[in-house]
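Novice: Show me how the following folds:
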Amino acid sequence: MKKIELDTFYQYRYLGNVAYSPNGKRLAFTVSKANIKTNGYDHDLYLYEDGDYRQLTFTGKESSFIWDDDDTLLFASMRLEEDQKKSEEQPLTVYYRLPLKGGEAHRAFALPLQAGKMEKVAPQQYLFCASYHTRFETFGKSEAQAKESFAAMQADKDYEVLEDLPFYFNGAGFIDAKRTGLFLYDESKDTCEAILYDKTMQVNDFVLNTDHTKVAIVVNHQVHCTSEHDAILLYDLKEKRLETILKGDRFLIHDINFLNDQVLFAGTEGKRYGLNENPDFYQIDLATHTCSLFAEYGESIGNSVGSDCRLGGGQATMVKDDVYYFLTTRLHSSVIYALDKTGAIRPYLDLEGSCDCFDIGEEGLVCVGMYDMKLQELYRYQEGTLKQLTHFHDWMSEYATCSLHPYTINSDDVAIHGWVMLPPDFDESKRYPAILDIHGGPKTVYGPVFYHEMQAWANAGYIVFFLNPRGGDGRGNTFMDIRGKYGTIDYDDIMRFCDFVLDTYPQIDQTRMAVTGGSYGGFMTNWIITHTDRFAAAASQRSIANWISFENTSDIGMRFAKDQQQATAWDNMEKLWFHSPLAYADHVKTPTLFIHSDCDYRCPISEGYQMYSALKAFGVDSRLCLFHGENHELSRSGKPLHRLRRLQEITDWITKYTAEKKETD
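Specialist: Purely as a prediction, here's the structure:
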């Protein structure tokens, strides 16, 4: 068997955006792959029909699409040199139509905005979101005025004028004075109409009702500071009337749709469990605008099962035949549940693994998933049976994919689940180094899915183990809630699982153990090295070191720090400092590598600088590897060469301190 190496991920394919054609006879989806020459990713469209699949586009630049009709795909692309040149002078999004009966994709139309999510409303009419800059407006201007405003914005690119909070956002860069609006394009008239174009509002999402006469819009009010709650507006496409049906003073909204001809949303007030509180389902009567509880749920919405083998997205919720289907993380798997018009909730696809996105048609449910320790493939689920439709990764059968050994321990009378991954040639008579890997969030989970870095480390001869401590997702609000407890009960869970693994696997050399993790896992790595010397090496990634500085530098800092630590620097600085690993940096003896990115606005680079500087000052062997131009998603969607360098840095550092010591004469 071949070994999974650090760079094997170059060969992986990442699937997403699976969608049925309107008549349900075809499936389209996207496939992405690393391109080492460009140090980026190629994205192309694929079609599945008649039991087979084929590639439709070959430019590597088509990452999303919609069905224009049963035989045509519509997608954004910038293929012509004249369009590329024009996009340097003013905002522009160009769309192409691809006929599936034969022929090349041809240019359909261009929008004078940076367009995002799009839905077809009627023949030649499209509803779409688009971003714009409120200080350099181009929409609704003449071409000359638009170019002038765009040129002024380009001339101002060396400066950042901040008036909003947050002023930057991870993955989006500086967002001060930038908003997202909602627009309607009529291709027959080549006109673009603003439905919601307001400097004080940010469009977060929108959804059409069944007959495409109404649009429900989730917005957040932004007047220098983002509102803590979301509002819902309703737009009547026939009467061209916009009205507020839910004020922005109560709910944080996770998803929205139409059910029973009423607006359905998953939302939370956050009164019991704070920002991470799991939602319930509410309904808004369109006649009276009355909001009422439709169904209690109290579990997560969406997929929080971690993996470094995804790229792209796809549909996570939908309504079909008066049933609302949604992704939800239960225990340590991402599954699909169904909410019917009576308010009853039931499992629909409830298999161990990860359903990443899905669609439902006449031939059943199709999804992009990770099952049986395989990389992403396309599956059909019908009458309780899951059938694999694509085989992008059959070649992986030649590689030594390591299986997981699940375990459950008791920690303060709470069941804690974890796994151990053994090297493919594991020999009970030998001694092995080990790596403890800690997930981010903390409201995410590890699960029985393929994780490249762990597979590579196990193939390199490490016993790798990981767990879901308290604070994670999939087990309701009480398990998730560690507000004001960071570094206490979660640390206890991790150390107890570590003890259990060492007792269960005496083959682990306790002098050759390493710990690593990113985001919350980086915080916990920092916390561990300041509270125990049991690890020979540590790799702290995109971490938090100091909650006082994090509060006023992270894109989510003002709310997240206060919510999760139950304190601010003004009302209880001592508590923020108590939960800060930096406060205990003088206790550290563990050689530690820090991985950070300078465009990480979730856990800013300053957090890594502080911890690294402190360890250096106290004489601890430490190293910081800074990635320029990367953000918080480095390990998952960073440039391929950067992802490899990150893995190489971590692996080399751990190997340096966990290598078997050989006797000398």
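Novice: Which positions within the longest helix anywhere in the chain qualify as buried?
Specialist: What stands out as the longest helix in the chain, according to DSSP state H, is helix 640-658. Within helix 640-658, the residues that count as buried by 16 or more other C-beta atoms under 10 Å are 640, 642-647, 649-651, 653-655, 657-658. For the C-beta atoms, the positions are set from N, CA and C on the backbone; glycine is no exception.
Novice: between those, which is closest to residue 355?
Specialist: Lowest distance from residue 355 to the buried residues of helix 640-658 (C-beta to C-beta) belongs to residue 643, with 24.5 Å.
Novice: Quick check, that closest one in contact with residue 8.
Specialist: No - applying C-beta atoms under 8 Å, one finds residue 643 not in contact with residue 8, separated by 11.6 Å.
Novice: Which one of the buried residues of helix 640-658 is nearest to residue 37?
Specialist: Nearest member of the buried residues of helix 640-658 to residue 37, counting by C-beta to C-beta, is residue 640, at 10.0 Å.
Novice: what's the distance between that closest one and residue 530?
Specialist: 34 Å (C-beta to C-beta, to the nearest Å).
Novice: Now do the same for the residue nearest to residue 577 when sequence neighbours are not counted: helix, strand or coil?
Specialist: Setting aside the residues directly before and after it, residue 577 is nearest to residue 583 in space (C-beta to C-beta, 6 or more residues apart in numbering), at 5.1 Å. Following DSSP: H, G, I helix; E, B strand; the rest coil, residue 583 is assigned to helix.
Novice: Please tell me how far residue 583 sits from residue 653.
Specialist: From residue 583 to residue 653 the distance is 24 Å (C-beta to C-beta).
Novice: quick revisit: for the longest helix of the chain, which outside residues touch it?
Specialist: 6-7, 9-10, 34-36, 39-41, 433, 435, 453, 456-457, 460, 462, 512-514, 516, 536-537, 539, 541, 591, 593, 595, 623, 625, 627, 630, 634-635, 638 (C-beta atoms under 8 Å, 6 or more residues apart in numbering).
Novice: What ranges does the stretch 351-500 of the chain have for its helices?
Specialist: With helices called from DSSP state H, counting those that start in this stretch, the stretch 351-500 of the chain shows them at 452-459, 476-480, 489-504.
Novice: can you list the residues that contact the second one?
Specialist: Contacts of helix 476-480 with the rest of the structure, by C-beta under 8 Å, 6+ apart, involve 272-273, 276-278, 298-299, 414, 443, 470-473.
Novice: how about that helix: buried residues?
Specialist: 477, 479, 480.
Novice: With distance to residue 219 and pLDDT added, can I get those in CSV?
Specialist: CSV is the format used below for the buried residues of helix 476-480 (distance: C-beta to C-beta, whole Å; pLDDT from 0 to 100):
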residue, distance to residue 219, pLDDT
477, 26, 98
479, 32, 98
480, 27, 98
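Novice: between those residues, which is closest to residue 207?
Specialist: Among the buried residues of helix 476-480, and counting by C-beta to C-beta, the member closest to residue 207 is residue 477, at 26.2 Å.
Novice: Would you quantify the distance from that closest one to residue 489?
Specialist: The separation that residue 477 has from residue 489, given C-beta to C-beta, amounts to 15 Å.
Novice: Go through stretch 81-92 and flag the buried ones.
Specialist: Buried residues in stretch 81-92, counted by 16+ other C-beta under 10 Å: 86, 87, 90, 91, 92.
Novice: Hmm, I typed the wrong one, I wanted stretch 612-626.
Specialist: 612, 614, 615, 620, 622, 623, 624, 625.
Novice: If we ignore the residues flanking it in sequence, what's nearest the fifth one?
Specialist: Nearest-residue entry for residue 622: residue 615, 4.2 Å, with adjacent residues in sequence omitted and distances by C-beta to C-beta, 6+ apart.
Novice: For that neighbour, give its distance to residue 587.
Specialist: 11 Å.
Novice: again with residue 382
Specialist: 57 Å.
Novice: Please identify which of those two sits among more neighbours.
Specialist: Per other C-beta atoms under 10 Å, whichever of residue 382 and residue 587 has more neighbours is residue 587, with 15 against 11.
Novice: pLDDT score assigned to that one?
Specialist: We have a pLDDT of 98 for residue 587.
Novice: In this structure it contacts residue 530, no?
Specialist: Yes - using C-beta under 8 Å, residue 587 is in contact with residue 530, at 5.2 Å.
Novice: measure residue 495 to residue 515 for me?
Specialist: 11 Å.
Novice: Let me fix that, I meant to ask about residue 616.
Specialist: Relative to residue 515, and taking C-beta to C-beta, residue 616 is found at 20 Å.
Novice: Any idea how far the worst-scoring helix or strand of the chain on mean pLDDT is from the middle of the chain?
Specialist: Using mean pLDDT, DSSP states H and E, helix 143-155 stands out as the lowest-scoring helix or strand of the chain, at a mean of 92. Mean-position distance between helix 143-155 and its chain equals 34 Å (C-alpha atoms, centre = their mean, to the nearest Å).
Novice: Which positions within it qualify as buried?
Specialist: 146, 148, 149, 150, 153.
Novice: and what of stretch 562-575?
Specialist: 562, 563, 564, 565, 566, 567, 568, 569, 575.
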